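Chemist: return atomic coordinates for the entry below.
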Amino acid sequence: MAEPRDFEAFIAEQKRMLAENPECATALYNLGVSYMQQGKWDEAIAAFEEAIANSGRMFEAYVNLGYIYWQRGEMEKVIAANKKAIAIEPRYARGYANLGFAYSQMGRTEEAIANLEKAIELNPRMVQAWNNLANCYLQQGDVDRAIATGQKMLEIAPDFGLGHNNLAYAYYLKGDFARAIAHVDRALALGFEVHPDFLEKLAPHRRD
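Modeler: Have a look, this model is predicted:
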């Protein structure tokens, strides 16, 4: 995160560029990013919307708007923004991944899976999409697919603590306590804060 003075200097530079060219979409976009990084949501939204109005290719501005709406808990707006992003750039994996996450948070699991699979098709190394896909399978009660998906994810990112934690939970649900413990211990070793209730549930299955 940049220091406040850095933000001020950067914002001043973008505003200088806008004074010279009021319709400069790139300067407006950069201004929006700076405001977003500072948590100035209203200012960021205004800048991104103006950038979009001045350029037909600002798909990343829509994705950033989606992030702001997610911070505000406005999930329908998250979906609308990311749909506009992929309408402009149909091969933008992050847009599909964001849609998948938003749909999963709303309990719309089938739509979530379809979008997460598309994200992975476009970018097979998108670890968070794999993780969210595994969680969607758990939402459906399909533990075996959740485990298979979690295993693929860890092939890509073997040191992803959250991934080990979630795979541990899937193994726990399957009743494979030895593998659950192995993955939860790996998550702990990687510095991930495993929920105490989960550790308590696993404790009786540990061997002295």
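Chemist: quick one, domains of the protein?
Modeler: Taking automatic domain parsing as the reference, the chain has its domains at 1-72, 91-157, 159-208.
Chemist: so which of the ones you listed is the most surrounded?
Modeler: Most buried of the domains of the chain by mean neighbour count (mean count of other Cβ atoms under 10 Å) is domain 91-157; its value is a mean of 20. C-beta coordinates here come from the backbone N, C-alpha and C atoms, glycine included.
Chemist: so how far is the first residue of it from its last?
Modeler: 23 Å (Cα to Cα, to the nearest Å).
Chemist: repeat for stretch 49-58
Modeler: Stretch 49-58: ends 10 Å apart by Cα to Cα.
Chemist: can I get the domains of the chain in a markdown table including mean pLDDT and distance to A81?
Modeler: Below are the domains of the chain laid out as a markdown table (pLDDT from 0 to 100; distance: least, Cβ to Cβ, whole Å):
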| stretch | mean pLDDT | distance to A81 |
| --- | --- | --- |
| domain 1-72 | 78 | 4 |
| domain 91-157 | 96 | 8 |
| domain 159-208 | 95 | 25 |
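Chemist: pull the number of nearby residues for A80.
Modeler: When counting by other Cβ atoms under 10 Å, one arrives at 16 neighbours for A80.
Chemist: how about it, what does it touch?
Modeler: By Cβ atoms under 8 Å, 6 or more residues apart in numbering, the contact list for A80 is empty.
Chemist: check which helix or strand covers it.
Modeler: helix 75-88 (DSSP states H and E).
Chemist: and of the domains of the chain, who's closest to I79?
Modeler: Closest to I79 of the domains of the chain, according to Cβ to Cβ: domain 91-157, at 5.2 Å.
Chemist: next SSE downstream of the helix holding A80?
Modeler: Counting by DSSP H and E, the next helix or strand C-terminal to helix 75-88 is helix 93-105.
Chemist: of all the domains of the chain, which one is nearest K84?
Modeler: Of the domains of the chain, the one closest to K84 (Cβ to Cβ) turns out to be domain 1-72, at 4.6 Å.
Chemist: dump the domains of the chain to a markdown table, plus distance to K83.
Modeler: Listed next are the domains of the chain as a markdown table, based on distance: least, Cβ to Cβ, whole Å:
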| stretch | distance to K83 |
| --- | --- |
| domain 1-72 | 8 |
| domain 91-157 | 7 |
| domain 159-208 | 27 |
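Chemist: could you say what helices and strands the helix or strand hosting L167 packs with?
Modeler: Assigned by DSSP H and E, L167 belongs to helix 161-174. Judged by 3 or more Cβ pairs under 8 Å, 6 or more residues apart in numbering; DSSP states H and E, helix 161-174 is in contact with helix 127-139, helix 143-156, helix 177-189, helix 196-202.
Chemist: ok so, going back, mind listing what's buried in the helix holding A80?
Modeler: Within helix 75-88, the residues that count as buried by 16 or more other Cβ atoms under 10 Å are M75, K77, V78, I79, A80, A81, N82, K83, K84, A85, I86, I88.
Chemist: include pLDDT when you put those residues into JSON lines, please.
Modeler: Listed next are those as JSON lines, based on pLDDT from 0 to 100:
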{"residue": "M75", "pLDDT": "94"}
{"residue": "K77", "pLDDT": "96"}
{"residue": "V78", "pLDDT": "96"}
{"residue": "I79", "pLDDT": "97"}
{"residue": "A80", "pLDDT": "97"}
{"residue": "A81", "pLDDT": "96"}
{"residue": "N82", "pLDDT": "96"}
{"residue": "K83", "pLDDT": "97"}
{"residue": "K84", "pLDDT": "95"}
{"residue": "A85", "pLDDT": "95"}
{"residue": "I86", "pLDDT": "96"}
{"residue": "I88", "pLDDT": "94"}
